[in-house]
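Asker: the sequence and its predicted three-dimensional model are supplied below.
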Amino acid sequence: MLPASIQITGELLSGEEVQDICQSLQEDVVRLLSVRGCQLSDAAFQQVCFCVASSRSLAQLNLNLGVVSSLSRTNQLAQALSSNQSLQALFLHGSPLLDAGLVTLNPALSSHPALLSLDLGDCLLGDEALRLICGLLPPDGNKSGLRELTLSANPGISSRGWARLSVAVSHSSQLRVLNLDYNPLGDQIAGMLAVSVASSRTLEVLDLEGTGLSNQSAQVFLDMVQNYPTSLRVLVLSENSISAELQQQISDLLSEGEEEEEAPPPQPGHTPNSALRPIRDKSQPIRDKYQPPAWLPHSSKG
């Protein structure tokens, strides 16, 4: 039987629906499970986590918009991730995790053998959580780490925390996509991120939409893409105080660089990296914009 997807949004899940989900997980026929914004009892959540733990087919788990609503549920999810071996993408956007939740999840996240994409947008995170997240971006030569990281709308992170992330991104050997939209970064942090982009050999997408930037930041990025080789292909600067002309110049230069590099044909049996980057909740805090289709590449407005 071919792997299937289960996608339910904003519903109160009945006992029968939870049983169907668990049975499909136990039979290893589910590749994508999405229960975004759904309501389910604590017992039902624990039951689903138990089945996630043993699933060998599940590649994407979407619990966005408040499904992981307490520390006890965070602990149950951590236990499931500790046993699961197949998951490649985990979405927790809009979950009130706080730093304590990341402390609970971190051992399972850092030891998971397959996790490539993590969405922690709008999770009320602070500097302690970000310190742990930086550990998921190991330096060159170490174990593999995340390829896509979303930290949208976490205003509790300080400038010091973002500086720490900038250093981690500079040395990460795996990260391809970094979404920091709707954080109050400002020009100083953007300057640090520009250095990270110039240092990184892998980062292809950087989303800085609505992060309080000015033409000063845009000029730094423009100088970077004009004068230095970079892997960057998409830079999102919308909803900032940046002129349309500067944004267009940067976009044109990045497009030229992409055209110059022809992608090699995929190897037989190889899954393209884009197939491992599902669409995320691209929104301001808890504002659900759309229902993502099953297992599609990351969608950027750039």
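Answerer: Sure, I can see it. Note that the structure is a prediction, hence the values are computed from the model and not measured.
Asker: any chance you could map the strands in the stretch 201-302 of the chain?
Answerer: Shown for the stretch 201-302 of the chain, the strands assigned by DSSP state E, counting those that start in this stretch span residues 205-207, 234-236.
Asker: tell me the most buried of these?
Answerer: strand 205-207 (a mean of 24; mean count of other CB atoms under 10 Å). For the C-beta atoms, the positions are set from N, CA and C on the backbone; glycine is no exception.
Asker: what's the weakest-modelled helix or strand in the protein?
Answerer: Every helix and strand in the chain was compared by mean pLDDT, DSSP states H and E; the lowest is helix 244-260, with a mean of 84.
Asker: which neighbouring elements make contact with that one?
Answerer: Here helix 244-260 touches helix 215-227, strand 234-236, going by 3 or more CB pairs under 8 Å, 6 or more residues apart in numbering; DSSP states H and E.
Asker: let's see it at 6 Å
Answerer: Contacts defined by 3 or more CB pairs under 6 Å, 6 or more residues apart in numbering; DSSP states H and E place helix 244-260 against helix 215-227.
Asker: what residues of the helix it packs on count as buried?
Answerer: Neighbour-count burial for helix 215-227, with 16 or more other CB atoms under 10 Å as criterion, is recorded at N215, S217, A218, Q219, V220, F221, L222, M224, V225.
Asker: which residue sits closest to the fifth one, ignoring its sequence neighbours?
Answerer: Meaning V220. In space, and not counting its chain neighbours, V220 is closest to A194: 4.8 Å by CB to CB, 6 or more residues apart in numbering.
Asker: element containing the one you found, please.
Answerer: Assigned by DSSP states H and E, A194 falls within helix 186-199.
Asker: export the strands of the stretch 201-302 of the chain as JSON lines, with columns for distance to S152 and mean pLDDT.
Answerer: As requested, these are arranged in JSON lines below (distance: least, CB to CB, whole Å; pLDDT from 0 to 100):
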{"stretch": "strand 205-207", "distance to S152": "8", "mean pLDDT": "97"}
{"stretch": "strand 234-236", "distance to S152": "11", "mean pLDDT": "95"}
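Asker: residue ranges with poor pLDDT in the stretch 201-302 of the chain?
Answerer: 257-302 (pLDDT under 70).
Asker: circling back to that earlier point, quick one: which of the buried residues of helix 215-227 is nearest L25?
Answerer: Distance to L25 across those (CB to CB) is lowest for F221, with 43.7 Å.
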